[in-house]
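Visitor: the following block contains a protein sequence and its predicted model.
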Amino acid sequence: MIDLHCHILPSIDDGAKNTDISYQMLREEKRQGVQAIIFTPHFNFSRIDVDSFVEVRRRSYEKLMSVPEVSELGIKFKLGCEVYFSTKLNETDLDPLCFEGTNYILIELPTDQRPYGLKHTIVDILNRGYQPILAHVERYPYFTEDPEQLFNFVEKGCVAQINSGAILDSDKAALRYIRWGMAQLISSDAHNMKNRAPNLKEGYRFVKKKYGEDYVDWFEKNARDVFKGRYVDEPMLKKPKKILGFWI
């Protein structure tokens, strides 16, 4: 397994507060069978500029790597980030914000209302040769209330990621997106060892039980492809339909 979305780097965001917690989280990832991780601390244009963020991220990563036990885990690491949506993405060099060595960029959207300029910005990012990954798509009410919006973004070339925790909570939107082929990645979005601990193995186990091993194989392959900077398999999209007020 590969975890493409987590907040394990120490002392950089609302994730791990120190290297001890980071190491505990990494040890748990290893116990579950995770072989590679992309560290994705939060980035927000309104709080810090790109160059300063990259430097802060570098120091946090080096601090974690200075713990001898971390390298002994044998997990492969890459740097990335979770970018809070902004129309400034249109005018920014996105290379420093992408997953290391790839053209994938993880983008978090507002959870209250659809942001201004979303379609234009996403299309611009795609046209520039980058691959947007929309983080935890089950959280956005404008997608859950009108899933055709998410369908259109995936059809254009976006990749949709859902959280393992949402699957384990039997979140209706997350399970619908799996069933419709509208989610291509599962990640932990782990923040700590208490209420948001690494849980990728349990999420995959749930998917296997409910949808079958082929789904798990597909999600795992997609994660490997993203980690290596390759295109994910084109999803077998099923366009949502609304009948008698219910999406099916």
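Guide: Sure, I can see it.

Visitor: ranges for the helices of this protein?
Guide: Residue ranges of the helices in the chain, as given by DSSP state H, are 19-32, 50-65, 68-72, 118-127, 141-144, 148-156, 164-168, 172-179, 200-211, 213-227.

Visitor: please identify which of these is closest to Glu100.
Guide: helix 213-227 (9.5 Å; C-beta to C-beta). No exception for glycine: its C-beta is placed from N, CA and C like everyone else's.

Visitor: so how far is that closest one from its chain's centroid?
Guide: Relative to the mean C-alpha coordinate of its chain, helix 213-227 is positioned 14 Å out (C-alpha atoms, centre = their mean, to the nearest Å).

Visitor: name the helices or strands packed onto that helix?
Guide: Packed against helix 213-227 by the contact rule (3 or more C-beta pairs under 8 Å, 6 or more residues apart in numbering; DSSP states H and E) you find strand 2-3, strand 185-187, helix 200-211.

Visitor: which one of these has the most crowded surroundings?
Guide: Burial of those is given as mean neighbour count (mean count of other C-beta atoms under 10 Å); strand 185-187 ranks first at a mean of 27.

Visitor: and it, what does it pack against?
Guide: Helices and strands in packing contact with strand 185-187 are listed as strand 159-163, helix 164-168, helix 200-211, helix 213-227; criterion 3+ C-beta pairs under 8 Å, 6+ apart.

Visitor: who's in contact with that strand?
Guide: 3-6, 133, 159-164, 167, 200, 203-204, 207, 219, 222-223, 226, 232 (C-beta atoms under 8 Å, 6 or more residues apart in numbering).

Visitor: spit out the contact partners of Cys158.
Guide: When contacts are counted by C-beta under 8 Å, 6+ apart, Cys158 touches Ile122, Leu126, Gln131, Pro132, Ile133, Leu134.

Visitor: grab the nearest non-local neighbour of the second one.
Guide: With C-beta to C-beta, 6 or more residues apart in numbering as the criterion, Leu126 has its nearest non-adjacent residue at 5.2 Å, and that residue is Gly157.

Visitor: any idea how far that neighbour is from Ser188?
Guide: Here the distance between Gly157 and Ser188 works out to 25 Å (C-beta to C-beta, to the nearest Å).

Visitor: sorry, back to before: whichever of the contacts of Cys158 end up buried, select them in ChimeraX.
Guide: Of the contacts of Cys158, the buried ones go into a single ChimeraX selection, burial set by 16 or more other C-beta atoms under 10 Å:
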select :122,131,132,133,134
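
Visitor: from the contacts of Cys158, pick the one nearest Arg57.
Guide: Of all these, Arg57 sits closest to Ile133, with 17.8 Å by C-beta to C-beta.

Visitor: what's the spacing between Leu109 and Met182?
Guide: From Leu109 over to Met182 (counting by C-beta to C-beta), the distance is 15 Å.

Visitor: nope, Asp189 is what I was after
Guide: Asp189 is 18 Å from Met182, where distance means C-beta to C-beta.

Visitor: not counting its own residues, what contacts the helix-or-strand element of the chain with minimal mean pLDDT?
Guide: Across the helices and strands of the chain, mean confidence by mean pLDDT, DSSP states H and E is lowest for strand 246-247: a mean of 86. By C-beta under 8 Å, 6+ apart, the list of residues contacting strand 246-247 from outside reads Pro147, Arg176, Pro240, Lys241.

Visitor: how about those, which pair is most distant?
Guide: Largest pairwise distance in the contacts of strand 246-247, by C-beta to C-beta, is 11.7 Å, between Arg176 and Lys241.

Visitor: which of the two has more neighbours?
Guide: When Arg176 and Lys241 are compared for neighbours, Arg176 comes out ahead with 19 against 11, by other C-beta atoms under 10 Å.

Visitor: test my guess that that one contacts Phe151.
Guide: No: Arg176 sits out of contact with Phe151 when judged by C-beta atoms under 8 Å, with a separation of 11.0 Å.

Visitor: so who does the closest residue to Asn222 other than its chain neighbours touch?
Guide: What sits nearest to Asn222 in space, not counting adjacent residues and going by C-beta to C-beta, 6+ apart, is Val232, at 4.3 Å. With C-beta under 8 Å, 6+ apart as the criterion, the residues that contact Val232 are Val159, Gln184, Leu185, Lys221, Asn222, Asp225, Val226.
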